[in-house]
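Trainee: take this sequence and fold it.
(one chain, ligands or ions: 2)
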Amino acid sequence: MNLLPFDEQKPLDFIAVGRLCIDLNANEIHRPMEETVTFTKYVGGSPANIAIGMARLGMKTGFIGRVADDQMGRFIVQYLKNNGIDTSHVITDKSGSVTGLAFTEIKSPTDCSILMYRDNVADLKLEPNDIHEDYIRQAKCLLISGTALAKSPSREAVFLALEYARRHGVVVFFDLDYRPYTWQSKEETAIYYNLAAEKCDVIIGTREEFDMMEQFAVHQHDDEKTAQKWFDYHAKIVVIKHGKDGSIAYTKTGETFVGTIFPANIVKTFGAGDSYAAGFIYGLMNGWPIPKAMEYGAAAASIVISSHSCSDAMPTLDQIEQFIQQHKSSSTAAKS
Ligand SMILES: Nc1ncnc2c1ncn2[C@@H]1O[C@H](COP(=O)(O)OP(=O)(O)OP(=O)(O)O)[C@@H](O)[C@H]1O
Ligand SMILES: O=C(O)C[C@@H](O)[C@H](O)C(=O)CO
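Mentor: Numbers count the residues shown, from 1 in each chain. Ligands and ions are numbered 1, 2, ... in the order given. Reported below is the predicted structural model:
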């Protein structure tokens with residue numbers, strides 16, 4: 001049974017809507033940011049990372065968003081173009097907005113944090129008029145990212161994109177991407193996340209993100225009940241990510257798949273979710289069984305957390321397959 005009816009006649013594979021930002025990753029690692037002197041600049045923003053990941057995997061990818069009218073905005077657009085991503089619907093915001101900055105602190109491979117500068121950011125200036133029905137209609141799938149729901153008019157733009165996607169048989173992925181500093185309150189977040197999730201086909205989030213969404217629900221902290229809640233709406237697949245403990249995917253048809261991880265030489269933990277999403281969505285779009293899609297997501301995640309960047313490190317299909325093969329060979333050798 002084809003859970004996700006991707007329309008192979010559509011010319012675009014994947015469109016992401018939302019945040020285009022800059023990551024400034026500490027170069028002096030294993031120390032607090034107070035002691036960091038230099039940073040490396042990368043394109044960032046969760047939906048941007050996922051779109052870059054999809055393009056690296058060979059998918060025809062587009063983006064809907066706003067960038068600041070400055071050097072950072074131009075850097076982002078050029079980077080997307082260099083990676084073969086269609087930027088015809090990336091708008092330069094002229095309101096004096098700025099580019100969101102994510103300063104990353106890498107105290108240890110497992111103790112990382114992100115300091116976000118997001119006042120007056122261009123990405124949340126996205127407007128409903130920036131959302132074009134004819135563009136979304138051309139895509140096999142659309143990715144929305146939770147942070148784009150944090151403020152108007154971006155919030156309304158996302159709901160319009162969802163309306164167009166539903167109208168034209170575009171499969172919708174919702175990456176929860178909860179970033180508390182962008183919201184007024186958890187209650188506000190839960191309300192808007194629930195309203196969006198009701199319209200989505202695949203919902204991907206961590207246990208903590210689903211708990212935030214379900215703060216008004218009768219159940220708490222229960223993966224199966226979380227999945228069933230969304231199957232009662234539009235969802236076909238719900239994926240709950242559990243960090244180094246892997247992931248669990250539930251389907252509306254009653255199947256459950258437990259995803260394992262690949263060992264990683266961890267440089268930093270963040271970026272795992274975005275790379276996992278790219279590998280997983282790629283697998284689903286190719287009609288693979290869910291376990292294989294989860295495997296490619298997990299491999300992509302291990303590759304990215306073993307790297308200094310997120311976007312730059314998003315792997316190609318060959319890199320993922322070589323990584324998986326190397327792991328399998330090492331496992332076989334270790335057993336013999
Ligand atoms: N320490 C790890 N070692 C190997 N794989 C990992 C590790 N942490 C995460 N992963 C892989 O990445 C997937 C997503 O990671 P996680 O659950 O941390 O999502 P996330 O919180 O959205 O990630 P991010 O830190 O990018 O926001 C996991 O399901 C797992 O497959
Ligand atoms: O999503 C953000 O704004 C931060 C990202 O750019 C950063 O790469 C990250 O946290 C990835 O999960």
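
Trainee: quick check: residues of the stretch 201-336 of the chain near ligand 2?
Mentor: Contact residues (C-beta under 6 Å from any ligand atom) of the stretch 201-336 of the chain with ligand 2: Phe270, Gly271, Gly273, Asp274, Cys310. Where you see a C-beta, it was placed from the backbone N, CA and C, and this is true even at glycine.

Trainee: which pair of those spans the longest distance?
Mentor: Gly273 and Cys310 (9.6 Å; C-beta to C-beta).

Trainee: just want to know which of the two has more residues nearby.
Mentor: Cys310 (30 against 26; other C-beta atoms under 10 Å).

Trainee: where does the more buried one fall, phi/psi-wise?
Mentor: phi -100, psi -70 (degrees, to the nearest 10).

Trainee: keep only the residues of the stretch 201-336 of the chain next to ligand 2 that also lie close to ligand 1.
Mentor: Among these, ligand 1 is touched by Phe270, Gly271, Gly273, Asp274 when using C-beta under 6 Å from any ligand atom.

Trainee: out of these, which is most surrounded?
Mentor: That'd be Gly271 among these, by other C-beta under 10 Å, with 31 neighbours.

Trainee: any idea how far that one is from Phe280?
Mentor: 14 Å (C-beta to C-beta, to the nearest Å).

Trainee: go on, His30?
Mentor: 30 Å.

Trainee: quick one on the thing from earlier: tell me which of the residues of the stretch 201-336 of the chain next to ligand 2 is nearest to ligand 1?
Mentor: Of all those, Gly273 has the smallest distance to ligand 1: 2.2 Å, by C-beta to the nearest ligand atom.

Trainee: now Val172: phi and psi?
Mentor: Main-chain torsions, Val172, degrees, to the nearest 10: phi -110, psi 130.

Trainee: which SS class is the closest residue to it other than its chain neighbours?
Mentor: Of all residues not flanking Val172 in the chain, Cys200 sits nearest, at 4.5 Å (C-beta to C-beta, 6 or more residues apart in numbering). Following DSSP: H, G, I helix; E, B strand; the rest coil, we place Cys200 in the coil state.

Trainee: okay, Cys200: pLDDT?
Mentor: At Cys200, the pLDDT value in this model is 98.

Trainee: cool, and Gly205?
Mentor: At Gly205, pLDDT is 98.

Trainee: give the bridge partners for it, please.
Mentor: Per DSSP bridges, the residues bridged to Gly205 are Ile240.

Trainee: correct me, but it touches Asp175?
Mentor: Yes - contact criterion C-beta atoms under 8 Å: Gly205 and Asp175 qualify, at 7.3 Å.

Trainee: any residues in contact with both of the two?
Mentor: Contact criterion C-beta atoms under 8 Å, 6 or more residues apart in numbering; no residue bridges Gly205 and Asp175 by contacting each.

Trainee: show me which of those two is the more surrounded one.
Mentor: Using other C-beta under 10 Å as the criterion, Gly205 and Asp175 rank with Asp175 on top: 28 against 24.

Trainee: thinking that one is in contact with Glu209, fair?
Mentor: No - using C-beta under 8 Å, Asp175 is not in contact with Glu209; the gap is 9.4 Å.
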